[in-house]
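**Student:** Let me see the structure of the following:
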Amino acid sequence: MRRISTGSVRSFSKRTAKLALLLLSVSGSLWAEENASPGPLTLHDLVQEALAQNPEVQMAGSQVEAKQARVPQAGALPDPMLMSGVMNEGRPVPGETLGTAGFSEVYMGISQNLPYPGKRGLREKVAREEVTASEWAYEAVRRKVAAEVGETYYDLYAVHAALDILGRNLDLLEQFTKIARARFTVGQGSQQDVLDAEVELSRLEERRSLLEQRRATLEAALTRLLNRTSPAPLAPPVPIAETPLADPLERLLQKAEGESPVLKEKEGLLARGERSVDLARRERLPDLGVNFTYHNRGQLDPYYAFGGTLTLPIHAGRKQKKAIEEATADLGAARSAVDAARAEVRYSVTEAYLMASTADHLLRLYDEGILKQARLSLDSATAQYQVGKVDFLTLITSWRRLLDYDLTYHEQLAEHEKALVRLAVHVTGLAKEVF
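**Tutor:** As a prediction, this is how the structure comes out:
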């Protein structure tokens, strides 16, 4: 039986210990990576991820590439045609009388159709206008997705702010409940005060549950916009500040009519419609064709044939004329689409501006007076309730008023930033974190 030396055992033990430490180190690193808390949730990072991963953005980008690939096709010549054959004089077997009979031959030729001058250029112009329209459509989709991310982000901020506020107010309300119980114990308060406090605690729990549901829904919406396949946890949004809006409404409307990608897309389609009408009118002109054929007659002299073709638009009443009518009607529809898009852009800018202006006015009211006054009112009611100068209903009313104002402040802050995001869809230079 083989003996194992003491040195071998010690060496094996050391190697085993090192391996165990290595495994523990690796597993600890993996556990740390899996359980690491996500970093700060910034709007800029979310927008960049959405623009890189969102399927709608990717689809619009692919459509631009497809339209670009059509431009050289539209201006290309038709494919030439090769032809070949055998003619045999006197005998049915091909080639049997080749070189002895004058009409026995093997021929090969090529023909090329040539559209009437100007048609190819117009077709290419139509395709280029489609590229321009699709590029603006791509930009509109990018801005729309970025705006959706921004609006969801600000809604998520408001929800997290509300949850923080409710958490602080739960602690405050528990203190009120203890005060009410203490006063009831010494006979200075009523049991109704304690019951009312407990009811308010339950109402706060109810509101917190609804906010948790809202938070989960908004996180799911962000996950969809980011096209994330795994439900990774999202950190709370970073604190936000009010972004000033310097331009008046008329200035914003003027900028939007010159910058909105939604309107630019429709104008691109209008330009395509104008080129399409020009092309339809030119399609009435005949196309040309040229051909060349080489006739091999074996030992006899070969001969060569040159020729041309010309299309005859004898059915113009049912084809080219109707094509012109079709293109003209499409052009009219494109003009109406531009007018409709302009009206929609003006409405969207006006609505967002009014939302931002109203939110800005309310935020100043809350900052300069309402919140300060509500806090002073609650502090006064708390001090007076402790000494029995006011009833519990007065205390709860002051507390509830401050809670509602505090929640509304953050809601209006989110609404203000959301309005700027909507404006930035049509006006450049706003909401720089998004666009």
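
**Student:** ranges for the helices of this protein?
**Tutor:** Applying DSSP state H to the chain gives helices spanning 6-35, 43-53, 55-75, 119-185, 191-226, 249-259, 261-282, 320-365, 371-386, 392-424.

**Student:** Mind checking these for the one nearest to residue 304?
**Tutor:** helix 119-185 (28.7 Å; C-beta to C-beta). In short, each C-beta sits where N, CA and C put it, glycine included.

**Student:** The closest one vs helix 55-75, what angle?
**Tutor:** Here helix 119-185 runs at an angle of 170 degrees relative to helix 55-75 (axes from the mean of the first three to the mean of the last three C-alpha atoms, to 10 degrees).

**Student:** Which helix or strand in the protein has the lowest average pLDDT?
**Tutor:** For the chain, using mean pLDDT, DSSP states H and E, the weakest element among its helices and strands is helix 6-35, scoring a mean of 40.

**Student:** Give the buried residues for stretch 67-74.
**Tutor:** Across stretch 67-74, burial judged by 16 or more other C-beta atoms under 10 Å covers 67, 70, 71, 74.

**Student:** right, and out of these, which lies closest to residue 339?
**Tutor:** Taking the buried residues of stretch 67-74 together and measuring to residue 339 by C-beta to C-beta, the closest member is residue 67, at 24.3 Å.

**Student:** could you list every residue that touches that closest one?
**Tutor:** 127, 130, 131, 134 (C-beta atoms under 8 Å, 6 or more residues apart in numbering).

**Student:** Make JSON lines from the residues you listed and add neighbour count to it.
**Tutor:** Shown next, in JSON lines, are the contacts of residue 67 (neighbours: other C-beta atoms under 10 Å):
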{"residue": "127", "neighbour count": "20"}
{"residue": "130", "neighbour count": "24"}
{"residue": "131", "neighbour count": "19"}
{"residue": "134", "neighbour count": "21"}
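
**Student:** what separates residue 112 from residue 286, distance-wise?
**Tutor:** In this view, residue 112 and residue 286 are 15 Å apart by C-beta to C-beta, to the nearest Å.

**Student:** Oh, that last question was meant for residue 383, not what I typed.
**Tutor:** Counting by C-beta to C-beta, the gap from residue 383 to residue 286 is 98 Å.

**Student:** go on, residue 341?
**Tutor:** As judged by C-beta to C-beta, residue 341 and residue 286 stand 39 Å apart.

**Student:** More neighbours: those two, which one.
**Tutor:** When residue 341 and residue 286 are compared for neighbours, residue 341 comes out ahead with 19 against 13, by other C-beta atoms under 10 Å.

**Student:** Okay, now the unreliable bits of the stretch 251-400 of the chain?
**Tutor:** Low-confidence segments of the stretch 251-400 of the chain, defined by pLDDT under 70, are absent.

**Student:** Could you rerun that using 90?
**Tutor:** Counting by pLDDT under 90, the stretch 251-400 of the chain contains low-confidence residues at 297-301, 303, 313-314, 316, 367-369, 371, 377-379, 381-400.

**Student:** Who are the contact partners of residue 249?
**Tutor:** 349, 350, 353.

**Student:** Of these, keep whichever come out buried.
**Tutor:** Buried by 16+ other C-beta under 10 Å: 349, 353, out of the contacts of residue 249.

**Student:** Any chance of JSON lines for the contacts of residue 249, columns distance to residue 313?
**Tutor:** Output for the contacts of residue 249, formatted as JSON lines (distance: C-beta to C-beta, whole Å):
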{"residue": "349", "distance to residue 313": "49"}
{"residue": "350", "distance to residue 313": "51"}
{"residue": "353", "distance to residue 313": "55"}
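
**Student:** just the contacts of residue 249 now: which is nearest residue 123?
**Tutor:** Taking C-beta to C-beta as the measure, residue 123 lies nearest residue 349 of the contacts of residue 249, at 37.0 Å.

**Student:** and the closest residue to that closest one other than its chain neighbours, how many neighbours does it have?
**Tutor:** Using C-beta to C-beta, 6 or more residues apart in numbering and skipping the chain neighbours, the partner closest in space to residue 349 is residue 256 (4.8 Å). By other C-beta under 10 Å, the residues close to residue 256 number 23.

**Student:** how much space is there between residue 256 and residue 75?
**Tutor:** Residue 256 sits 35 Å away from residue 75, going by C-beta to C-beta.

**Student:** who touches the spatially closest residue to residue 106 that is not a sequence neighbour in this structure?
**Tutor:** Closest residue to residue 106 apart from its sequence neighbours, by C-beta to C-beta, 6+ apart: residue 296 at 4.7 Å. Residue 296 makes contact with 105, 106, 107, 108, 302 under the criterion C-beta under 8 Å, 6+ apart.

**Student:** Against residue 299, how distant is the spatially closest residue to residue 265 that is not a sequence neighbour?
**Tutor:** Distances taken as C-beta to C-beta, 6+ apart place residue 136 nearest to residue 265, at 4.0 Å, with adjacent residues excluded. Separation of residue 136 from residue 299 (C-beta to C-beta): 68 Å.

**Student:** Looking at those two now, which is surrounded by more residues?
**Tutor:** residue 136 (21 against 7).

**Student:** so the more buried one touches residue 264, yeah?
**Tutor:** Yes - with contact defined as C-beta atoms under 8 Å, residue 136 counts as touching residue 264 (4.1 Å).

**Student:** Can you work out which residues contact both of these two?
**Tutor:** Common contact partners of residue 136 and residue 264 (C-beta under 8 Å, 6+ apart): none.

**Student:** buried sites along stretch 109-125?
**Tutor:** Buried residues in stretch 109-125, counting neighbours by 16+ other C-beta under 10 Å, are found at 109, 111, 113, 115, 119, 120, 121, 122, 123, 124, 125.
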